[in-house]
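> Need coordinates for the below:
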Amino acid sequence: MGIMSAHQPSHSGDYSPSQFIHVQSELISLSSQPSLPSVPSLTSQTQQQQLYLPSTTTTYHCVTTFKGHTSYVSSLALAGNFLFSGSSDKEIRLWEQNLNSELDHENISNNVVAVGKGAVKSIVVLGDKLFSAHQDHKIRVWKINDQEPHHQKCTRLATLPTLGDRAIKLLTPNNHVQIRRHKKCTWVHHVDTVSVLALSKDNSLLYSVSWDRSLKIWRTSDFKCLESVGNAHDDAINALALSHDGYIYTGSADKTIKVWRKAPEDKKHSQVATLEKHNSGINALALSTDGSVLYSGASDRSIVVWEKDYSGNMVVVGALRGHSKSILCLAVVSDVIFSGSADNTIRIWRGIDKSYSCLAILEGHTGPVKCLTAATDCYNPSNTSTSYLVYSGSLDCDIKVWQIFIPLL
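Next up, the predicted model:
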């Protein structure tokens, strides 16, 4: 209960009764739930022992810690040489990735580039635009100015749904949906916290999911809402992943992952599969580079690994175990998986022929690790290892930057 009382959002007056329920649900997800005994473990004892051989040892260190947010860090996004962070303090901050220079503490204290009206839940960057999802049910679009990075402010371009979108839909009764017994609104509105954003492969579409159990698709050129899948799940949607071949994966507090796709001849997305194996709410989803492997993290402390079979269906091949509390976030770069947990640690995994090893455990945060992003470190080429930069945001309000060296296979 110490975590829950210390890190719950401070602006409780902003919450509706329905949001209180979801906030409680989100905090409960930090606690440990029973694991999945029916799913075989993909980590072998032999591979774990190999970690201690000098030639196969993964090395790592914390490069720096970014401080500035006054509440927990909920989202991170890389954009060139910069890192954007969103927090429940409603702020979006910008950090320069010049890790070889001394930190300019004056600039760090002035690096707030945007402030929304609700806690920031997710951010994505597209060119000179930044999209942010908020607890006040809105998606905001910001113009990233190309001035000196720490002396600029992002300019708000739009709030989704846009006024034009709302006005057009408002005039036609068929565009209205029932959200409560005595309340209706147009289908372009999210009516609860917008939890995750993701961009399509060609960047033409923005996907959003919400605690209102809906999936929406927006056009990035004019911010128009093109489609809404209402009641996509039986409970809040907390995770979203898009594959390059058109499949959409949504993970929910209802313990299921649903798969969606729009066929070329169809006007709307339809559900093509339901993946059920976790015994608690889904908190995170991530796909392999080619989209053939799906990783799902939940409050049952397990990362379930799904692979496409010969017919194109996702089937369970096993689980990655090691975290002692809920899995809160996942990131994949090449053949390496990064997982953040309510146990305050980050684990690094790599799979070879469906057998996985935990290469390292990163310790340093004093609160649950809420968000992760990672990339190959192109400035440290080596003939013997691959270097990665991992960025982690936590309920301790800090962002840590880690450098990882993983031996080549």
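
> Which helix or strand contains Ser311?
When elements are assigned from DSSP states H and E, Ser311 belongs to no helix and no strand.

> just Gly164 next, same as before
Element membership of Gly164 [criterion: DSSP H and E] is helix 163-170.

> average pLDDT for that helix?
Mean pLDDT, computed over helix 163-170, is 67.

> Likewise for stretch 378-387?
Rounded mean pLDDT across stretch 378-387 is 85.

> Just the terminal-to-terminal distance for it.
Using CA to CA, to the nearest Å, one end of stretch 378-387 lies 8 Å from the other.

> Go through it and flag the buried ones.
Ser385, Thr386, Ser387 (16 or more other CB atoms under 10 Å). Where C-beta positions appear, they are placed from N, C-alpha and C, glycine not excepted.

> what's across from Val73 in the sheet?
Ser87 (DSSP bridges).

> That one: neighbour count?
By other CB atoms under 10 Å, the residues close to Val73 number 29.

> Would you mind listing the residues in contact with it?
Ser85, Gly86, Ser87, Lys370, Cys371, Gly393, Ser394, Leu395, Cys397, Asp398, Ile399 (CB atoms under 8 Å, 6 or more residues apart in numbering).

> From Val63, how far out is it?
According to CB to CB, to the nearest Å, Val73 stands 17 Å off from Val63.

> ranges for the helices of the chain?
For the chain, the helices defined by DSSP state H cover 2-7, 17-28, 45-50, 105-109, 163-170.

> ok, and the closest non-adjacent residue to Val369?
Gly340 (3.2 Å; CB to CB, 6 or more residues apart in numbering).

> Return the distance of the one you found relative to Phe82.
Taken as CB to CB, the span from Gly340 to Phe82 is 21 Å.

> Between the two, point out the one with more neighbours.
Between Gly340 and Phe82, counting by other CB under 10 Å, Gly340 is the more crowded of the two (30 against 17).

> now, which of the buried residues of stretch 378-387 sits nearest Ser311?
Using CB to CB, Thr386 comes nearest to Ser311 of the buried residues of stretch 378-387, at 33.5 Å.

> ok, that closest one touching Ile406?
Yes: using CB atoms under 8 Å, Thr386 is in contact with Ile406, at 5.3 Å.

> about what we covered before: please identify which of the contacts of Val73 is nearest to Tyr310.
For the contacts of Val73, the nearest to Tyr310 is Cys371 (35.1 Å; CB to CB).

> circling back to that earlier point, which of the helices of the chain comes out lowest on mean pLDDT?
With a mean of 33, helix 2-7 has the lowest mean pLDDT of the helices of the chain.

> Just checking the distance from stretch 115-128 to the centre of its chain.
When distances are taken as CA atoms, centre = their mean, to the nearest Å, stretch 115-128 is centred 12 Å away from the chain's centroid.

> May I see the buried residues of it?
So for stretch 115-128, counting by 16+ other CB under 10 Å, buried means Gly116, Gly118, Ala119, Val120, Lys121, Ser122, Ile123, Val124, Val125.

> Thr366 - how many residues pack around it?
Thr366 has 11 neighbouring residues, counting by other CB under 10 Å.

> How about the one 5 residues further on?
Per other CB under 10 Å, the neighbour tally for Cys371 reads 26.

> can you check Thr274 too?
10.

> So which residues of the stretch 151-300 of the chain form strands?
Assigned by DSSP state E, counting those that start in this stretch, the stretch 151-300 of the chain shows strands spanning 155-160, 176-180, 183-186, 194-199, 205-210, 215-219, 225-229, 237-242, 248-252, 256-261, 270-276, 282-287, 293-298.

> taking the mean pLDDT, what do you get for the shortest one?
Confidence over strand 183-186 (mean pLDDT, whole number) is 67.

> contacting residues for Asp398?
Thr65, Phe66, Lys67, His69, Val73, His365.

> can you rerun that using 6 Å?
Thr65, Lys67 (CB atoms under 6 Å, 6 or more residues apart in numbering).
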